[in-house]
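S.K.: I would like the atomic coordinates for the input below:
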Amino acid sequence: MTTLITWYDVLGVLPDATPDDIREACRARTAILQPDTLAGAPPDVLSAADRARQAVQEAWRVLADPAARESYDQQIGFLRLGEGLAAPSRGPLGPDVGLGEGWSTADEEALEPYQSRSSRVVVPDVRGLFYRACMEVAGRVGLHVASIQLTAHPMPVEGLVVGQTPDRGERVHRDSTLTVQVWHPPAPRG
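M.R.: Presented below is the predicted three-dimensional model:
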């Protein structure tokens, strides 16, 4: 099945990120997803955090290994400098390249915006992504994003998407609004 989400999206880095950039992004994501940071969080946040933690670990497994990363880059169509005319945009992945169960779009029709300018698109599943990755993925299918902040006094870190409306797989008009619930770790009390 095809997906709109790359391992680069999961970590919030561009495909030409250096190994140090990837390491730092992985550390930052992992820090937000630590049990002590999630203490007292509601079940939907814990579920999204588990999903995000698994995705970050898999992204690190693929992108930290130069051979695995090179193979992955070839699968998604990313060319490095000197390998061709120009690197493609951060568009959708090709067939059989995905993030695993639960991370793929409802069906391959989600790629319609790239195949035609259909007036309807399939809503991708953005739960468990960090907010910037959610914005990137929603933009790829032509959706606007509105966020609902779930944390009254958040730490100044990127938030985790824990819910969405409309739900994944629903067909909506291009330029519709995807409303997401975003959780941030609360600021320490002091």
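
S.K.: which strands or helices does the host helix or strand of R27 pack on?
M.R.: Secondary structure assigned from DSSP states H and E places R27 in helix 19-32. Judged by 3 or more CB pairs under 8 Å, 6 or more residues apart in numbering; DSSP states H and E, helix 19-32 is in contact with helix 7-11, helix 43-63. For the C-beta atoms, the positions are set from N, CA and C on the backbone; glycine is no exception.

S.K.: quick one: distance of the shortest one to the chain centre.
M.R.: Between the centre of helix 7-11 and the centre of its host chain there is 6 Å, according to CA atoms, centre = their mean, to the nearest Å.

S.K.: can you list contacts of it?
M.R.: With contacts defined as CB atoms under 8 Å, 6 or more residues apart in numbering, helix 7-11 is touched by 14-15, 17, 22, 25-26, 29, 52, 55-56, 58-60, 62-63, 72, 90, 99, 129, 133, 136-137.

S.K.: can you turn the buried part of the residues you listed into a PyMOL selection?
M.R.: Command for PyMOL that selects the buried part of those, burial taken from 16 or more other CB atoms under 10 Å:
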select buried, resi 15+17+22+25+26+29+52+55+56+59+60+62+63+72+90+99+129+133+136+137
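
S.K.: the helices in the chain, which residues?
M.R.: 7-11, 19-32, 35-38, 43-63, 66-76, 112-115, 131-141 (DSSP state H).

S.K.: to L143, which of the helices and strands packed on helix 19-32 lies closest?
M.R.: Closest to L143 of the helices and strands packed on helix 19-32, according to CB to CB: helix 7-11, at 15.1 Å.

S.K.: got the buried residues for stretch 141-154?
M.R.: Neighbour-count burial for stretch 141-154 flags 141-143, 145, 150-151 (criterion: 16+ other CB under 10 Å).

S.K.: typo on my end, stretch 181-190
M.R.: 181-185.

S.K.: what bits of this structure have low per-residue confidence?
M.R.: Along the chain, segments meeting pLDDT under 70 span 1-3, 79-117, 190.

S.K.: what about 90?
M.R.: 1-5, 32, 36-37, 39-40, 74-119, 140, 151-158, 185-190 (pLDDT under 90).

S.K.: make a markdown table out of the helices of the chain and add distance to V123.
M.R.: Output for those, formatted as a markdown table (distance: least, CB to CB, whole Å):
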| stretch | distance to V123 |
| --- | --- |
| helix 7-11 | 16 |
| helix 19-32 | 24 |
| helix 35-38 | 26 |
| helix 43-63 | 17 |
| helix 66-76 | 22 |
| helix 112-115 | 12 |
| helix 131-141 | 8 |
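
S.K.: make sure D125 is actually in contact with R168.
M.R.: Yes - counting by CB atoms under 8 Å, R168 is a contact partner of D125 at 3.6 Å.

S.K.: compare these two (neighbour count), which wins?
M.R.: In this view D125 and R168 are compared by other CB atoms under 10 Å, and D125 has more residues nearby, 22 against 16.
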